[in-house]
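1. Below are the sequence and a predicted model; questions follow.
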Amino acid sequence: MGKITSEDVYKALAEVYDPEIPINIVDLGLIYNVNVDDDNNVDIDMTFTTRGCPMHVFIREQAKESVEKMDGIGKVNVNLVWEPKWTPEMISKEVRERLSREE
């Protein structure tokens, strides 16, 4: 694989789910930024729904591992950030609409 794009990384991250919520971490709005440099090293800024989430370490490791599986990937760094604070409005529009139909 040649140059890895941020879209490629988002696709890999969309395979990771919060075990407490059946929504992937991209649609859940937990990924704030993905940056891929010329050597395919990746920096990811992500957050969680709450600071007290007991699954922080697990989900963060799953995110890192899902990206590390990509062919040609360099170093992967997952930065945990708390600003801006996560809100339910960060959930993708499609998922919010699906959830409102299920209620």
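-> It's in.
2. List phi and psi for residue 33.
-> phi -160, psi 140 (degrees, to the nearest 10).
3. repeat for the one 5 residues further on
-> Per-residue torsions, residue 38: phi -70, psi -20 (degrees, to the nearest 10).
4. ok, now how distant is it from residue 68?
-> Per C-beta to C-beta, to the nearest Å, residue 38 is found 18 Å from residue 68. C-beta: built from backbone N, CA, C; applies to glycine.
5. out of the two, which sits in the more crowded spot?
-> residue 68 (13 against 7; other C-beta atoms under 10 Å).
6. Excluding chain neighbours, what is closest to that one?
-> residue 76 (5.2 Å; C-beta to C-beta, 6 or more residues apart in numbering).
7. ok, the one you found - contacts?
-> 41-42, 44, 64, 67-68 (C-beta atoms under 8 Å, 6 or more residues apart in numbering).
8. Just list whatever residues bridge to it.
-> residue 42 (DSSP bridges).
9. What number of residues are in the vicinity of the residue nearest to residue 3 when sequence neighbours are not counted?
-> The spatial neighbour of residue 3 that comes closest, neighbours along the chain excluded (C-beta to C-beta, 6+ apart), is residue 40 at 7.1 Å. As a burial measure, residue 40 scores 20 neighbours (other C-beta under 10 Å).
10. Surely residue 40 is within a strand?
-> No. Secondary structure of residue 40 (DSSP: H, G, I helix; E, B strand; the rest coil): coil, not part of a strand.
11. OK, contacts around it?
-> Here residue 40 is in contact with 3-4, 72-74 (C-beta under 8 Å, 6+ apart).
12. For those, could you give me JSON lines that also reports secondary structure and pLDDT?
-> Listed next are the contacts of residue 40 as JSON lines, based on DSSP: H, G, I helix; E, B strand; the rest coil; pLDDT from 0 to 100:
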{"residue": "3", "secondary structure": "coil", "pLDDT": "91"}
{"residue": "4", "secondary structure": "coil", "pLDDT": "95"}
{"residue": "72", "secondary structure": "coil", "pLDDT": "94"}
{"residue": "73", "secondary structure": "coil", "pLDDT": "96"}
{"residue": "74", "secondary structure": "coil", "pLDDT": "96"}
